[in-house]
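Colleague: Here you go, sequence then predicted model.
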Amino acid sequence: MTINKDKNIEKSARLSVAPMMDWTDRHCRYLHRLLSKEVLLYTEMVTSPALVRGGAMHLLDFNDEEHPVALQLGGSDPAELAAAAKLCEERGYDEVNLNCGCPSDRVQSGTFGAVLMRSPGVVADCVKAMQDAVSVEVTVKCRIGVDDQDPEVVLPDFIEKVAATGCKRITIHARKAWLQGLSPKENRDIPPLDYDLVHRMKAQFPDLHISINGGITTLAEAQDHLARGLDGVMIGRAAYHQPADVLCQADPLIYGTGQATDPVDVVRQMLPYIELHVSGGGKLGQVTRHMLGLFAGNPGARQWRRILSENAHKPGMGPELVEEALAALPVAA
Ligand SMILES: Cc1cc2nc3c(=O)[nH]c(=O)nc-3n(C[C@H](O)[C@H](O)[C@H](O)COP(=O)(O)O)c2cc1C
């Protein structure tokens, strides 16, 4: 695979795969990069205390082939976030993103994530400190508000304060987070989506690169948001569960470059990666769990999923199992 170290990251951000804890790990990102050369990939959130106080540098590991790749940080202490951002830059990430959208209890207790929607001044201080520490772009991912906040009032104020730092790119998950009473999962479905508000933010802040996120499941929807004037679209769950549907056509349709990819070819390209992972002591299932949805909706998809999910965790399993699962698919014949 080629290494896209010098991509124009603003252009890449026309489409991105969202940061998702426990899902968008390095194996998942390697797969997504084979499906699209252009899409911007985000890591799972890494907290600044884990890096700076905990020294958990392994959390920054990634494959060079993943570029362009952004690391998402969670935190609310400007000095600590600056130190963490520096570590990310040294490790070679193309962008550092600050999480202002995650509603989980664990994250709330550390005063970061969505609760930061209440403290735009703190967010601005954090972004400024990070920008002063690194030369890669510092971006923000936020909600439209939390709890009883009025998004029409707080979102423009939040964006204005963040933009005043010189931050040029922001991704907005177009729903509130309710910090009490909803689980993180419910907070991704229950608060209603308000796409129009995000579009109005683009009209109000025309110089800012604004990406929309939340509930977008197809490239056609993404194209529609772009055609209506937004700069980028971020897709999370759909890109994870149906990666081929979302990513195979992304290069020609969203970027006007390259060709559609073929999921069967991509599986074959994964084989040497899997071999290397397994021969280095890794487990097959750590990679194949991200591949289960590759053929969703196609004949043979159930056998593909079943062969991998029932066997990949067994000792000694390697790329042969993936070849066996592939052979069960009519499209691979
Ligand atoms: C399993 C899972 C983990 C997530 N972890 C994060 C995270 O670490 N940081 C973050 O900003 N958002 C996280 N999110 C939220 C997504 O980035 C995204 O904002 C949300 O899923 C809405 O987009 P979608 O409807 O396209 O999935 C997570 C979502 C899921 C499903």
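Modeller: Received, thanks.

Colleague: neighbours of the closest residue to the ligand within the chain, just the number please.
Modeller: Proximity of the chain to the ligand (CB to the nearest ligand atom) peaks at residue 236, 2.7 Å away. (C-beta placed from N, C-alpha, C; glycine too.) Neighbours of residue 236 under the rule other CB atoms under 10 Å: 22.

Colleague: Could you find the closest non-adjacent residue to it?
Modeller: residue 18 (3.4 Å; CB to CB, 6 or more residues apart in numbering).

Colleague: Which pLDDT does the model give the one you found?
Modeller: Note on residue 18: pLDDT of 98.

Colleague: hang on, it packs against residue 235?
Modeller: Yes - under the criterion of CB atoms under 8 Å, residue 18 makes contact with residue 235 at 6.5 Å.

Colleague: which residues touch residue 331?
Modeller: With contact set as CB atoms under 8 Å, 6 or more residues apart in numbering, residue 331 has these partners: 263, 264, 295, 298, 299, 300.

Colleague: Quickly note the distance from it to residue 263.
Modeller: 8 Å (CB to CB, to the nearest Å).

Colleague: ChimeraX command to pick out the buried ones of the contacts of residue 331?
Modeller: Selection command for ChimeraX covering only the buried members of the contacts of residue 331, criterion 16 or more other CB atoms under 10 Å:
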select :263,264,295,300
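
Colleague: contacts with the ligand among the contacts of residue 331, please.
Modeller: Among the contacts of residue 331, not one lies near the ligand by CB under 6 Å from any ligand atom.

Colleague: ok, the contacts of residue 331 vs residue 308, which is closest?
Modeller: Each of these was checked against residue 308 using CB to CB; the closest is residue 295, at 10.7 Å.

Colleague: Give me the phi and psi for the residue lying closest to the closest one once chain neighbours are set aside.
Modeller: Ranked by CB to CB, 6+ apart and with sequence neighbours excluded, the top spatial neighbour of residue 295 is residue 301, at 4.2 Å. Phi and psi for residue 301, reported as degrees, to the nearest 10, are phi -60, psi -40.

Colleague: What number of neighbouring residues does residue 301 come out with?
Modeller: For residue 301, using other CB under 10 Å, the count is 17.

Colleague: Repeat that for residue 111.
Modeller: Using other CB under 10 Å as the criterion, residue 111 is surrounded by 14 other residues.

Colleague: Confirm it sits in a strand?
Modeller: No - judged by DSSP: H, G, I helix; E, B strand; the rest coil, residue 111 forms no part of a strand; its state is coil.

Colleague: counting contacts, what elements does the longest helix seen in the chain pack onto?
Modeller: For the chain, the longest helix by residue count, based on DSSP state H, is helix 263-279. Under the contact criterion of 3 or more CB pairs under 8 Å, 6 or more residues apart in numbering; DSSP states H and E, helix 263-279 touches helix 26-35, helix 284-288, helix 319-327.

Colleague: following the second one, which helix or strand shows up next?
Modeller: Right, helix 284-288. helix 301-311 (DSSP states H and E).
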